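Undergrad: Predicted coordinates and the sequence they were generated for:
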2 protein chains.
Amino acid sequence: MALDSASQNQRRSDAPEVVVARLPQYVRILTRLLQEGAEVVSSQQLGEKLQVTPAQIRKDLSYFGRFGKQGRGYSVIHLLERLKLILGLNSFWNVAVVGVGRLGRAILSYPGFTPDGFHIVAAFDSNPDVVGETIAGLTVSSLEELDEVVSSKKISIAIVAVPTEHTQGVVDRLVACGVRAVLNYAPISPQVREGVRVRNIDPVLSLQSMTYYLTDHPVD
Amino acid sequence: MALDSASQNQRRSDAPEVVVARLPQYVRILTRLLQEGAEVVSSQQLGEKLQVTPAQIRKDLSYFGRFGKQGRGYSVIHLLERLKLILGLNSFWNVAVVGVGRLGRAILSYPGFTPDGFHIVAAFDSNPDVVGETIAGLTVSSLEELDEVVSSKKISIAIVAVPTEHTQGVVDRLVACGVRAVLNYAPISPQVREGVRVRNIDPVLSLQSMTYYLTDHPVD
DNA sequence: CCGCATTCGTACTAATTTTCACAAATACCT
DNA sequence: AGGTATTTGTGAAAATTAGTACGAATGCGG
């Protein structure tokens, strides 16, 4: 009880990254529970749904405040609201897609980003044949216009689906335009300055880390 | 996240899962180095390319054997071969895609799996309008034929891109047919019996874990 | 061939992450 | 109202993961 700031509700800055990465899963489960009409949920129940120990859930949440009631659990709607606020999911995010090839088109047509508050408001490609084309209601812009459009449309997140060899260059340009979060689909990990976040979507790496377990390994 | 680490490791060498997950990245870098004509590489150089400490690379490799030479480093071609053997990447893997909607089509048309030894040899869908269609040279089969085709084509890995509500059911059927590794694109984490591996591709979770850092958090 | 610069492999140490376990608070039953 | 069953939040312990540092090889230049 001696820790003053530690026991306050606003202690957020020092939450480990691994904890932050779990919060969106909690948000997802809570959203479903809310739809199902649940009013209260315990860390025990959440843990079962997420295949995680109840202690971990309580510990994770404790980095951000005290949201539960002993003997009762967490108010689904209240905890959900708090977590969305913490993650910045209480408002919309404007997103650009860079690279309108096969993959970029699939991303532009994918309806799964919008319900979660990510609005794709611009698409870019370097190919003059593609620029001007309209996909899923969006007209593809030239990369020349990147700076202007990113500024005017207040874009802070980019989804990058360009050929591997252009990825680092595109990411550099995006960061120079003020983008601070990049979701990259190329099979490399772009380097960025501190303060910029990158997540890589790399299905081949995922497959390759599973084949290890499909292979017989002598105990040696 | 891990359920029961004691029961996870049976006869297998005891390399932590987090180490196994890094090996494919080593393989990727080594492949590139080999193409560039490099014959030898040190943990120092590998570490720079991967943004990890040299010690971590040496430690990771030491779980599987002794591959380097003091004062010299690692033979690129030799280390690459050994890692591919460890990961089971020295031969081909037959893969099925289940769900031929927009996403499934994009996956079937994606050329990036083949060079890494993952051969998509079957596609399944429940929609009779889609069954029989040919995409990227593959004729879509009905889900009825799952068991037969998985057996006859020796498929041990499945890529699942079906609507969320059907995902668990499809995964259950796949596991019943003998599939032991699943790459899932739906925004849930399918539950499987021990011994079956699942990796989820979930771009929304990735985005949501970045928005935290784009949001101002009072320090106190 | 000798000394010096490299670099591995690993025992040891540090940091991080997870789990345990328990006081305190709450709900509910009789 | 009193007793019992829940369940949180959190220090402390345990487990896992990463990093340090150094002995032992190895190669090279003179």
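TA: Structure's in. What do you need? The structure displayed is predicted, hence computed values, not measured ones. Residues are numbered from 1 along each chain as shown, chains lettered A, B, ... in the order given.

Undergrad: Quick check: buried residues in the longest helix along chain A?
TA: Identified as the longest helix of chain A according to DSSP state H is helix A:17-35. Buried residues in helix A:17-35, counting neighbours by 16 or more other CB atoms under 10 Å in any protein chain shown, are found at A:19-31, A:33-34. Placement of C-beta: from N, CA and C, glycine included.

Undergrad: out of these, who's nearest A:Ala158?
TA: A:Pro24 (18.8 Å; CB to CB).

Undergrad: Provide a list of residues in contact with the closest one.
TA: By CB atoms under 8 Å, 6 or more residues apart in numbering or on different chains, A:Pro24 lies in contact with A:Leu87, B:Val204, B:Leu205, B:Gln208, B:Ser209.

Undergrad: State the helix or strand in which the third one lies.
TA: To tie it back to what came earlier, the one meant is B:Leu205. B:Leu205 belongs to helix B:203-214 when elements are defined using DSSP states H and E.

Undergrad: do that helix and DNA strand C meet?
TA: No: using CB under 7 Å from any atom of the strand, helix B:203-214 stays clear of DNA strand C, coming no nearer than 13.2 Å.

Undergrad: avg pLDDT for that helix?
TA: Per-residue pLDDT over helix B:203-214 has a mean of 98.

Undergrad: Compute the inter-axis angle for that helix and helix A:17-35.
TA: 120 degrees (axes from the mean of the first three to the mean of the last three CA atoms, to 10 degrees).

Undergrad: rewinding a little: what's the closest of the buried residues of helix A:17-35 to DNA strand C?
TA: Among those, A:Val19 lies closest to DNA strand C (CB to the nearest atom of the strand), at 6.2 Å.

Undergrad: that older thread, just checking, what packs against the helix holding B:Leu205?
TA: The contact analysis (3 or more CB pairs under 8 Å, 6 or more residues apart in numbering or on different chains; DSSP states H and E) places helix B:203-214 against helix A:17-35, helix A:76-87, strand A:93-98, strand A:157-160, strand A:181-184, strand A:197-200.

Undergrad: top strand in chain A by residue count?
TA: Ranked by residue count and defined by DSSP state E, the top strand of chain A is strand A:118-125.

Undergrad: in chain A, which segments are predicted with low confidence?
TA: Applying pLDDT under 70 to chain A flags the ranges A:1-13, A:219-220.

Undergrad: quick one, domains of it?
TA: Here the domain parsing of chain A from automatic domain parsing is A:5-87, A:93-205.

Undergrad: Is it possible to get the ones you listed out as a markdown table so that each row also shows distance to B:Gly195?
TA: Output for those, formatted as a markdown table (distance: least, CB to CB, whole Å):
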| stretch | distance to B:Gly195 |
| --- | --- |
| domain A:5-87 | 16 |
| domain A:93-205 | 21 |
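
Undergrad: okay, those, which one's buried deepest?
TA: domain A:93-205 (a mean of 18; mean count of other CB atoms under 10 Å in any protein chain shown).

Undergrad: Now do the end-to-end distance for it.
TA: End-to-end distance of domain A:93-205: 28 Å, with CA to CA, to the nearest Å as the criterion.

Undergrad: repeat for stretch A:98-113
TA: By CA to CA, one end of stretch A:98-113 lies 16 Å from the other end.

Undergrad: quick check, that stretch touching chain B?
TA: Yes: Stretch A:98-113 comes into contact with chain B (CB under 8 Å from any CB of the partner chain), by way of A:Arg102, A:Leu103, A:Arg105, A:Ala106, A:Ser109, A:Tyr110, A:Gly112, A:Phe113.

Undergrad: still on that earlier bit, ok, and which of the buried residues of helix A:17-35 reach DNA strand D?
TA: For DNA strand D, no contacts are drawn from these by CB under 7 Å from any atom of the strand.

Undergrad: re earlier: between the helices and strands packed on helix B:203-214, which one is nearest to A:Asp60?
TA: Nearest of these (CB to CB): helix A:17-35, 4.9 Å.

Undergrad: what are the pairing partners of whichever helix or strand comes after that closest one, and which direction each?
TA: Following helix A:17-35 in sequence order, the next helix or strand is strand A:40-41 (DSSP H and E). Strand pairing for strand A:40-41, using DSSP bridges, gives strand A:73-75 (antiparallel).

Undergrad: ok now the strand it pairs with, how far from the chain's centre?
TA: 25 Å (CA atoms, centre = their mean, to the nearest Å).

Undergrad: which stretch of helix or strand covers the nearest residue to A:Thr53 once chain neighbours are set aside?
TA: Computed as CB to CB, 6 or more residues apart in numbering or on different chains, the closest residue to A:Thr53 that is not its neighbour in sequence is A:Gly47, at 5.7 Å. According to DSSP H and E, A:Gly47 maps onto helix A:43-50.

Undergrad: Give me the angle between that helix and helix A:76-87.
TA: Going by the same axes, to 10 degrees, helix A:43-50 makes 70 degrees with helix A:76-87.

Undergrad: could you say what helices and strands helix A:43-50 packs with?
TA: helix A:17-35, helix A:54-62, strand A:73-75.

Undergrad: what does chain A have sitting close to DNA strand D?
TA: Going by CB under 7 Å from any atom of the strand, the residues of chain A near DNA strand D are A:1, A:3, A:6-7, A:42-44, A:54-55, A:58-59, A:61-62, A:66-74.

Undergrad: if we go to 6 Å?
TA: A:3, A:7, A:42-44, A:54-55, A:58-59, A:61-62, A:66-74 (CB under 6 Å from any atom of the strand).

Undergrad: quick revisit: now distance to B:Val97 too, for the helices and strands packed on helix A:43-50, in TSV please.
TA: Converted to TSV, the helices and strands packed on helix A:43-50 look like this (distance: least, CB to CB, whole Å):
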stretch	distance to B:Val97
helix A:17-35	25
helix A:54-62	34
strand A:73-75	39
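
Undergrad: Looking at these, spot the one closest to A:Gly117.
TA: Nearest to A:Gly117, of all these, is helix A:17-35, at 10.7 Å by CB to CB.

Undergrad: check contacts around the closest residue to A:Val150 other than its chain neighbours.
TA: The shortest distance from A:Val150 to any non-neighbouring residue, by CB to CB, 6+ apart, is to A:Cys177 (4.3 Å). A:Cys177 sits next to A:Leu146, A:Asp147, A:Val150, A:Ser151 when contact means CB under 8 Å, 6+ apart.

Undergrad: which one of those is nearest chain B?
TA: Of all these, chain B sits closest to A:Val150, with 14.1 Å by CB to the nearest CB.

Undergrad: All set, thanks.
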